[in-house]
Structures are given as structure tokens and as C-alpha cells.
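# Let me see the structure of the following:
(one chain, ligands or ions: 1)
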Amino acid sequence: MSRFMDAISFRVGTLSIGDFGSFRGVAMTLLDVNEMFDTDEKCRQLLKRLRWPGEVECVRCHMPNVVRLATAKELYFCRDCKYQFSVTAGTIFNDSHLSLKKWFIATYLICESRKGFSANEMCRILGGSYKTAWYLCHRIRAAMKQANPPMLDGTVEMEETYVGGKKKGKHWQGRKGHKEVVIGIRQRGGDLRFFHAADAKSGTLAKYIQENISQDVEVIVTDEWPAYPKAMGGLKHETVNHAAKEYVRFGTDIDSNTVESAFSLLKRGIMGTWQIGRASCRERV
Ligand SMILES: [Zn+2]
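You can find the predicted model right below:
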């Protein structure tokens, strides 16, 4: 059951795994899914609870100054940034002509099927064209993969940076002021992940480390931001001194320069317009 719930709360863009409450641990059958989510309205209510366990917040500026629009669907308007969004904004369910009910059933079938589920089988159960069934299967599998990414291993570089705001400067002098914190984590020669974080304190960094980095990691390389050592939880940690331009320690394999250069690209791309998700430790850029 939890696999289905995890999948329904796809971490695509802004949506993240929320509180499954009473659904946890309940063995659910296709019949249950069919009955519990027999209308799109019921599907939307579940998505809403998963996405915003507390009050609804804007998917763009993340402020809670949001009003619900008087329409049949879950549509909201942000008074701060004037953005209009639905509960499915930024998820795989967005902009689909398929009903949410069909998406839910397809998700259940793919999650619970032991041997995998073909587009042909999906087509027979849901009706419609093979092309649509193939698209559903493809999108759901891709989202599941994204929702359960593998832990990073080997040499992992980690870096925190600040974007937005008017102050210049990245390091100590720039760490204050109204800037948004982005944490980048990269496996040397592998995945690069960005997160929009609430802050860059030890507790927050520790959460990202636990969620993304294997306990068997060889070394985590960071700059000398003082919050890192406490966040490591016993994992091997090395620092590079950016203030002294010590980007590469010759003769060793320590270098957080690759994360740094990825950041400069990211900053250019998103300065001013945040298109990334946010919530404590669950967001993905
Ligand atoms: Zn807004």
C-alpha cells in the first residue's frame, strides 16, 4: 500500500511525499482504489492532503497568502505573486486530458504489479488508445524512479549557495540578507541534485545528507561553512578553502569545483524566477 501512496505523491517538481495518515499500512486492493477514488474530486482531495499537510502555499513563491478560487477544481490564487495554480501543478497529473481516477488506477497497477505492467495490459483495463496507455506507464515509471533516487556514493561534493536578494557575494557576507538557500550535492562522475532549502544550518544539512548520501560514502567534500562538520553524522568529511582559492588540493582528489560551476549555471537560469519546489528537506530543483 505504501508504495502506491508514495507513488501518488510523486516528487515531481513541487510535489513531495507527505503525511499518508490513515493510509499507512493498509492493504489496499484495486477494488478499494476504485471505490475510494471514484471521482476526480476525491483524487484531488488526497493530492491536496499529501501536498499541503498544513495550509496551502503558493507553488511559485511558497507563501501561504493564498485564496481558493470558486471553481469546481482545486484552483488557487496567490495574493503575493498573483500566480494561479492547481493542486496538480508541477506534477505528472498536470495538463493531462486523462481523468485523475485513471491516473490513480494506473499508478496502483504499476506499483503493485510484481512482474511489471505492460502498456498493452494497461490499455485493456483502462480503455483508450495504446499510445495513451504507453504514455501513462512511461510517466508513472519515470516519476517513481525520481521519487526513490539511489543514494549517492564514492566521492560526494556538497555545496550551499544563496540566490536572489540584492546583496552580492556568496560566502560569509552573503549568507545573511533575503537570499534563498540552494544546496547542491553531487556524486563525482554521477548524479547532481539541487534542493531549495529552508536554511543552511547543521540540522538542515544533516537531513539532506541522510536522504541523499550513502552511509558507505568514501568522503564528502564541502567548503568551510562551519555548519558542515556537525551535519556529517560520522561520515568522512574533507573541506576545500574557497576563500583562499584553494579549489583543488593538488595530489588529492578533493574538489568541490564541479558543484560550484553547476551552481553558477543554475543561478543564471533561475535568478528572479524560482521554478523549484520547496518544503523542509523534500524539495527538488
Ligand atoms: Zn505566490
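
# Ala142 belongs to a helix, doesn't it?
Yes - assessed by DSSP: H, G, I helix; E, B strand; the rest coil, Ala142 belongs to a helix.

# Excluding chain neighbours, what is closest to it?
Ile92 (7.9 Å; CB to CB, 6 or more residues apart in numbering). Every C-beta, even on glycine, is put in place using the N, C-alpha and C of the backbone.

# Please look at that neighbour and Arg141 and confirm they touch.
No - applying CB atoms under 8 Å, one finds Ile92 not in contact with Arg141, separated by 10.5 Å.

# which one of those two has more residues nearby?
Comparing Ile92 with Arg141 by neighbour count (other CB atoms under 10 Å), the higher total belongs to Ile92, at 21 against 14.

# secondary structure class for the more buried one?
Taking three-state DSSP, the label given to Ile92 is coil.

# in its sheet, what does the helix or strand in which Val221 is found sit against?
For Val221, the host element (DSSP states H and E) is strand 219-222. Strand partners for strand 219-222, identified by DSSP bridges, are recorded as strand 155-163 (parallel), strand 237-239 (parallel).

# Quick check: which of these is buried the most?
Among those, ranked by average contacts under mean count of other CB atoms under 10 Å, first place goes to strand 155-163 (a mean of 24).

# Let me have that strand in CSV, keeping just the CA atoms, if that works.
Output of strand 155-163 as CSV, limited to C-alpha atoms (Å, rounded to 0.1, in the frame of the first residue of the first chain):
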residue,chain,number,x,y,z
THR,A,155,33.3,10.9,-3.5
VAL,A,156,30.4,13.3,-3.0
GLU,A,157,30.7,17.1,-3.2
MET,A,158,28.3,19.3,-1.3
GLU,A,159,27.8,23.0,-1.5
GLU,A,160,25.4,25.6,-0.3
THR,A,161,24.7,28.8,-2.1
TYR,A,162,22.5,31.8,-2.0
VAL,A,163,20.4,33.1,-4.8
